[in-house]
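> all I have is the shape, not the residue letters:
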Ligand SMILES: C[S@@+](CC[C@H](N)C(=O)[O-])C[C@H]1O[C@@H](n2cnc3c(N)ncnc32)[C@H](O)[C@@H]1O
């Protein structure tokens, strides 16, 4: 019996830690203070659409919907975190403002976004730089926790907390 439990925990850890690391970064939540700061720096407004790339436990999308009145979309590759996001959104009564789906954001169309947020590996930020430039509309903002985007000029930088905001012109 114990071996089934150990095996199950091992498989879940593999899915939750190793698998996302290969795609864009393992789960490590942004601190709530930084989530709010990121959304403020990105000037997220009520009714705007935010997409969080790698939604984790949902803290960015839930804050965007609850505190900023935005329509928030999350995409998450880890099915365990995905379920956590969905459960939290429903428990908070935010189903009408929040959508979370399972998938790889590199395969997602981001053209609907007014704001894109992420906290990922630097390799993922490097890879996203071209995709975001092609897909985002003028006026859209990108806010990144810790990772600068190569080839983009930051509109705002918080050097202390290592937050970067970019605007599509
Ligand atoms: C560092 S966590 C950030 C979570 C959340 N955005 C936050 O700021 O608290 C990165 C998340 O991205 C997810 N992830 C990594 N690569 C991904 C990909 N290619 N597509 C979708 N989700 C991905 C991971 O599973 C993890 O939950």
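Happy to help now that I have it. Since we're looking at a predicted model, the values are computed, not measured. Numbers count the residues shown, from 1 in each chain.
> dihedrals phi and psi, the residue in the chain that the ligand sits nearest to?
Closest contact between the chain and the ligand, by Cβ to the nearest ligand atom, is at residue 54 (2.0 Å). C-betas here are computed from N, CA, C, even on glycine. Main-chain dihedrals, residue 54, degrees, to the nearest 10: phi 80, psi 80.
> what about it, neighbour count?
25 (other Cβ atoms under 10 Å).
> isn't it right next to residue 77, touching?
Yes: the criterion here is Cβ atoms under 8 Å, and residue 54 meets it with residue 77 at 7.1 Å.
> what residues are shared contacts of the two?
20, 24, 105 (Cβ atoms under 8 Å, 6 or more residues apart in numbering).
> my guess is the first one contacts residue 27, does it?
The reference is to residue 20. Yes: with contact defined as Cβ under 8 Å, residue 20 counts as touching residue 27 (6.4 Å).
> quick check: neighbours shared by these two?
With Cβ under 8 Å, 6+ apart, residue 20 and residue 27 have common neighbours residue 78.
> would you map the helices across the chain?
Counting by DSSP state H, the chain has helices at residues 2-13, 19-23, 32-41, 59-68, 79-91, 122-135.
> right, so of these, which gets closest to residue 159?
helix 32-41 (12.6 Å; Cβ to Cβ).
> quick one: is that closest one near the ligand?
No: on the criterion Cβ under 6 Å from any ligand atom, helix 32-41 is out of touch with the ligand, staying 6.6 Å away.
> which other residues reach that helix?
30, 50, 59-60, 63-64, 67-68, 115, 117, 143, 145, 156, 158, 161, 163, 165.
> buried among those residues? Make that a ChimeraX selection.
Only the buried entries of these go into this ChimeraX selection, using 16 or more other Cβ atoms under 10 Å:
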select :30,50,59,60,63,64,68,115,117,143,145,163,165
